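*Asks:* the sequence isn't on hand, but the structure is:
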Ligand SMILES: N[C@@H](CC=O)C(=O)O
């Protein structure tokens, strides 16, 4: 999400970013970690919801995040209820939660919202398979964003167990373009979310189409094109590198990065620019 030099949300620059993503064929806009929703004040939360609901195309599905702290969730739920978003995504938290307690929180939240939420599973086992399945079966979950990092995405017992208890089409690969092929091809997941799609939306759309058409060689070739930027994000911080890459690609002035994150050094910005050039030349 773009901010002006004074740190305020920048409507004009966010409009550019949204239009760029939508013109690349992406019709679901998820405002979570990459948008740095974690660190919004309550006043900013309302302003951000107003802004994204007004700027997104009518045909786009916009999903704002909520949380991760329970108190924050409840305060934000009151604001969210003034808007017509069909769902919200519960941001992940690994510490200070138990599986059963987290599920109680989700149940309380969906009761207040009167709608199901997207469950963002980022850490293996924090929510047990049984608890996740119970939330789904009881109608609290609209989708699951599955984003547990693995050395080898083919070997994932937690995901396998989830897909045995929950319709896999309800689960989306939530780690960008890299594990999307494996998650969709071998675990039957229903789609994928992408950070790099903010910069190269057409490439992500092409990847989704190639996977859906089972054109595996083409999908693999597209996945590899993302690597220069994804490798930087993996090594140096996915959110901050993406925030600056979006600006360096000329899409929108994304502005200062929110504390508690920080600006990549000048030498890193040069690497980001080089990665963008490499991807642009490969397309
Ligand atoms: N975390 C992933 C997917 C985002 O939705 C990424 O940043 O690519």
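*Replies:* Here it is on my side, so go on. Nothing here was measured: the structure is a model prediction, and the numbers come from that model.

*Asks:* who's in contact with whatever residue of the stretch 1-150 of the chain ends up closest to the ligand?
*Replies:* Per C-beta to the nearest ligand atom, residue 34 is where the stretch 1-150 of the chain lies closest to the ligand, at 5.1 Å. Heads up, the C-betas are built off the backbone N, CA and C, glycines and all. Counting by C-beta atoms under 8 Å, 6 or more residues apart in numbering, residue 34 touches 195, 198, 238, 239, 242, 243.

*Asks:* among those, which ones lie close to the ligand?
*Replies:* Applying C-beta under 6 Å from any ligand atom, the subset of the contacts of residue 34 adjacent to the ligand comprises 195, 238.

*Asks:* export the contacts of residue 34 to CSV and tack on secondary structure and neighbour count?
*Replies:* Output for those, formatted as CSV (DSSP: H, G, I helix; E, B strand; the rest coil; neighbours: other C-beta atoms under 10 Å):
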residue, secondary structure, neighbour count
195, coil, 26
198, helix, 25
238, helix, 19
239, helix, 18
242, helix, 24
243, helix, 26
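
*Asks:* helix or strand: which one has the residue of the stretch 1-150 of the chain closest to the ligand?
*Replies:* Here residue 34 is covered by no helix or strand, with elements defined by DSSP states H and E.

*Asks:* follow-up on the earlier one: let me know the closest of the contacts of residue 34 to the ligand.
*Replies:* The closest of the contacts of residue 34 to the ligand turns out to be residue 195 (C-beta to the nearest ligand atom; 2.5 Å).

*Asks:* tabulate the contacts of residue 34 (JSON lines), appending pLDDT.
*Replies:* Below are those laid out as JSON lines (pLDDT from 0 to 100):
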{"residue": "195", "pLDDT": "98"}
{"residue": "198", "pLDDT": "98"}
{"residue": "238", "pLDDT": "98"}
{"residue": "239", "pLDDT": "98"}
{"residue": "242", "pLDDT": "98"}
{"residue": "243", "pLDDT": "98"}
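
*Asks:* ok, the contacts of residue 34 vs residue 140, which is closest?
*Replies:* Distance to residue 140, by C-beta to C-beta, is smallest for residue 195 among the contacts of residue 34, at 26.2 Å.

*Asks:* tell me which residues touch that closest one, please.
*Replies:* Residues near residue 195 by C-beta under 8 Å, 6+ apart: 34, 176, 233, 238, 239, 242.

*Asks:* can you say which helix or strand has residue 54 in it?
*Replies:* Residue 54 belongs to helix 42-55, assigned by DSSP H and E.

*Asks:* packing partners for the helix or strand just after that helix?
*Replies:* Next in sequence after helix 42-55, counting helices and strands by DSSP H and E, comes strand 61-66. Using 3 or more C-beta pairs under 8 Å, 6 or more residues apart in numbering; DSSP states H and E, the elements in contact with strand 61-66 are strand 28-31, helix 42-55, helix 70-80, strand 89-90, strand 117-121.

*Asks:* mean neighbour count added to the ones you listed, as TSV?
*Replies:* Supplementary listing: the helices and strands packed on strand 61-66 in TSV, determined by neighbours: other C-beta atoms under 10 Å:
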stretch	mean neighbour count
strand 28-31	20
helix 42-55	16
helix 70-80	17
strand 89-90	26
strand 117-121	24
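
*Asks:* I figured residue 126 hits residue 102, correct?
*Replies:* Yes - Residue 126 is within contact range of residue 102, at 7.2 Å (criterion: C-beta atoms under 8 Å).

*Asks:* isn't residue 113 right up against residue 88?
*Replies:* Yes - at 6.8 Å, residue 113 counts as touching residue 88 under the criterion of C-beta under 8 Å.

*Asks:* between the two, which has more neighbouring residues?
*Replies:* Each of residue 113 and residue 88 has its neighbours counted (other C-beta atoms under 10 Å); residue 88 has more, 27 against 20.

*Asks:* contacting residues for that one?
*Replies:* Contact analysis of residue 88 by C-beta under 8 Å, 6+ apart lists 63, 64, 65, 66, 80, 113, 115, 117, 118.
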